[in-house]
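**Student:** Following is a predicted model, sequence given first.
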Amino acid sequence: MSKIIVVDPFDYVVVGGTGDLARRKLFPALFHRELDGQLPDQARIIGVARSELSDAEFVTQVEAALREFVPEKDLDADTLKRFLGRFAYMPNNAFTVDGYRALKDKLDEHPDRVRVIYLATPPSLFGPISAFLAEVGLNGPKDRLVLEKPLGHDLPSSQEINAAVAEAFDESQVYRIDHYLGKESVQNLMALRFGNVLFESIWSKAVVDHVQITVAEDIGAGDRATYYSKSGALRDMVQNHLAQLLCLTAMEAPASMDADSVRDEKLKVLRALRPFSAEDFQLNVIRGQYQAGSVDGEAVPGYADELGEPTRTETYVALKTFVDNWRWAGVPFYLRTGKRLPIRSSEIVVHFKAIPHSIFRPVTTDEVVPNRLVIRLQPDEGVSLRLMTKDPGPGGMRLRAASLDLSFKDEFELERFPDAYERLLLDVVRGNRTLFMRRDELEAAWAWMTPVLDHWTETEKGTEPYAAGSWGPDAAAEMMRRDGRSWHEDMK
Ligand code: BG6
């Protein structure tokens, strides 16, 4: 049973309160926490944006967003009324200090509360807004600043943003969101690894052949085509979400779940990632772009058509990397992500080594499928372990592969998985930074990826085409073939 602990009274300020992120994710997430009874009576939510709106007009917008993004069965009338009653709105020109003075006055009505200021704005505003907040005194011990990705577009730009924010806020007040860390199944990865004695001894080069991390999406860039054209899959997904999954898979056991213990271990993984060589740029970093095709039986346009112009932006990346340390020396980690793949499915697959010798003659070692642990992150969250078993019945000693399956939904009789933002938004109020990225971690991830981005820019590297609805460009399959391996594709 989940346990609901009401958090301390807070004021949550969402700068960019009329934007897409607030409407789609932040307000629906807070609504679900309201539904679960986790918000204290006094808590307020204050939207800040440029439009001149009254409180009532803003509340109407919030209600419309909830009706669009919260399942109807959850929109209980009393809860909705209570929730909407928490909202206020403050128009603010992001480029002047006056609006922040008014905000400070409003927040000072309750000086003892935790104050969260969530910047759901373009990252170019993180530095200037932080400076205004500091100027009006909204950077005190009770103030916490939440930053959304993208935090820069390469290492220098990310350093610049972090440095500007650091002028105004102490690192302990800054919460950098990577929403993948808030996913139940991603946290479960830590439970699985560090709550069971079984895995530790097999979690290394001695037994693991290679690891595959896939985040596949069936959606395209859609109405975000313009944002996406400046970003691409490497910046949008690999530098953050996939890198975080890699860290949680490869890291050593932290001394505790304390924020810095966990983040120290993740940082060590990022720093151990092998820099890409000239050969890797040719063979082991694949950059693709979807063309017209069909997903789930429906014809869909190519990315360049959606954007309305030819583009070199990648919608798919596959790469091979190594964590150069004692535990993982020589074990390849294959990462891939793409839009307009056949299905939405994210998983981490640990492929174990083959048995060294078969005692089951005439069964040869080739017929004994190596063990495989599949950690399904979404949808259909769960874990399955592929084992060899005896094919039942007469006919001699024949072996067959079978799975031990754990489906979280069935096992725990869950109606729904909380959205990642639900946990993360309240972790800020609780002051728990374990699931947020520290500055050095973020910069280490950029340091790993920036040479790839620079190489693409310098060489004007194009993209490999793949049909929407396929598993990506041939070059990605070829990369695996060269290594005598293949992508795990019997995903649910
Ligand atoms: C976001 C990316 O961070 O993650 C999107 O900007 C992507 O492009 C999304 O679609 C995927 O998140 P999820 O939670 O749906 O796997």
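**Tutor:** That came in fine, so what should we check first?
**Student:** buried set for the lowest-mean-pLDDT helix or strand in the chain?
**Tutor:** The weakest-scoring helix or strand in the chain, judged by mean pLDDT, DSSP states H and E, is helix 408-412 (a mean of 86). Buried residues in helix 408-412, counting neighbours by 16 or more other C-beta atoms under 10 Å, are found at Phe408. Any C-beta I mention is one placed from the backbone N, CA and C, and that applies to glycine too.
**Student:** For it, which helices and strands make contact with it?
**Tutor:** Secondary-structure packing of helix 408-412 (3 or more C-beta pairs under 8 Å, 6 or more residues apart in numbering; DSSP states H and E): helix 184-194.
**Student:** tell me how far the helix it packs on is from the chain's mean position?
**Tutor:** Remark: helix 184-194 is offset 14 Å from the chain centroid, using C-alpha atoms, centre = their mean, to the nearest Å.
**Student:** Also stretch 429-447?
**Tutor:** 13 Å.
**Student:** which helix is the longest one in the chain?
**Tutor:** Assignment by DSSP state H gives helix 439-459 as the longest helix of the chain.
**Student:** Now tell me what touches that helix from outside.
**Tutor:** Taking C-beta atoms under 8 Å, 6 or more residues apart in numbering as the criterion, the residues outside helix 439-459 that touch it are 151-155, 158-159, 162, 166, 171, 174, 176, 234-235, 238-240, 243, 263, 266-267, 270-271, 273, 275-276, 281, 285, 287, 312, 319, 461.
**Student:** what distance separates it from the middle of the whole chain?
**Tutor:** Distance, centroid of helix 439-459 to centroid of chain: 18 Å (C-alpha atoms, centre = their mean).
**Student:** Check Met491 and give its pLDDT.
**Tutor:** Model confidence at Met491, expressed as pLDDT, equals 51.
**Student:** Please disregard the earlier target; I meant Val363.
**Tutor:** Predicted confidence (pLDDT) for Val363: 66.
**Student:** Okay, strands next: where are they in the stretch 101-250 of the chain?
**Tutor:** Remark: strands assigned in the stretch 101-250 of the chain by DSSP state E, counting those that start in this stretch are 114-119, 143-147, 174-176, 208-216.
**Student:** So what are the sheet partners of the second one and their directions?
**Tutor:** Based on DSSP bridges, the pairing partners of strand 143-147 within the sheet are strand 114-119 (parallel), strand 174-176 (parallel).
**Student:** Out of those strands, indicate the one that is most buried.
**Tutor:** Burial of the strands paired with strand 143-147 is given as mean neighbour count (mean count of other C-beta atoms under 10 Å); strand 114-119 ranks first at a mean of 23.
**Student:** for the residue nearest to Lys149 when sequence neighbours are not counted, what are its contacts?
**Tutor:** Leaving out its chain neighbours, the residue that sits closest to Lys149 by C-beta to C-beta, 6 or more residues apart in numbering is Asn240, at 5.7 Å. Going by C-beta under 8 Å, 6+ apart, Asn240 touches 149, 178, 180, 437, 445.
**Student:** Please repeat the previous calculation with a cut-off of 10 Å.
**Tutor:** Neighbouring residues of Asn240 by C-beta atoms under 10 Å, 6 or more residues apart in numbering: 149-151, 176-181, 437, 442, 445-446, 449.
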